[in-house]
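[1] For reference, the sequence and a predicted model appear below.
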Amino acid sequence: MFELHPRLAADTRVLGDLPLCRVLLSRDSNYPWLILVPRIDNLREIHHLAEADRQQLMRESCAVAALMEASLQPDKINIGALGNLVPQLHLHHVARFTGDAAWPGPIWGAKPAQPYEEAGLEKQVALWQRRLVGVEGFVSA
């Protein structure tokens, strides 16, 4: 049975599900930041996925990146599967702007996380859920 890693659960809000992945919103308001987590138990690496699931992960990742690009018009979309602290496979999708706090470097360690205030978080959750409705197979949480 799929279970979200406790650190991901603490650092994000669930937006909903795509056919393969749970879609999360980072609680860090410094950057527009979505995370995809394949709903497969004990999965650590992309190459551990079956071929069909690897293709589905790429479709979902590209759809989320395209949505972020169309919605936010960033200078760059950074996508990364880092798992040093959280071994569960997850793909970060971060919209980057030349004026953001970490530009042009990586976001990790550049600035302490700035959690959304509750009202701001709820507004972002609703906004991203409305946007994600246009992605094939998305089911809101």
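    Happy to help now that I have it.
[2] Where do the helices of the chain begin and end?
    For the chain, the helices defined by DSSP state H occupy 6-11, 51-72, 118-132.
[3] I'd like to know which of those is closest to P112.
    Proximity to P112, assessed across the helices of the chain by Cβ to Cβ, is greatest for helix 6-11 (13.0 Å). To be clear about C-beta, it is placed using only N, CA and C from the backbone, and glycine gets the same treatment.
[4] what's the spacing between stretch 78-92 and its chain's center?
    10 Å (Cα atoms, centre = their mean, to the nearest Å).
[5] when you give positions from now on, start the count at 35
    Done: numbering now begins at 35, and the last item shifts to stretch 112-126.
[6] pull the CA atoms of it into CSV?
    Extracted in CSV, the C-alpha atoms of stretch 112-126 (Å, rounded to 0.1, in the frame of the first residue of the first chain):
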residue,chain,number,x,y,z
ASN,A,112,14.0,23.0,-12.9
ILE,A,113,13.1,19.3,-12.6
GLY,A,114,15.1,17.1,-10.3
ALA,A,115,14.8,13.7,-8.7
LEU,A,116,17.0,14.1,-5.6
GLY,A,117,16.7,11.6,-2.8
ASN,A,118,19.4,12.1,-0.3
LEU,A,119,17.1,13.0,2.6
VAL,A,120,13.9,11.4,1.3
PRO,A,121,14.6,8.1,-0.4
GLN,A,122,11.1,7.7,-1.8
LEU,A,123,11.2,8.6,-5.5
HIS,A,124,9.9,12.1,-6.1
LEU,A,125,10.4,14.7,-8.9
HIS,A,126,10.7,18.3,-8.0
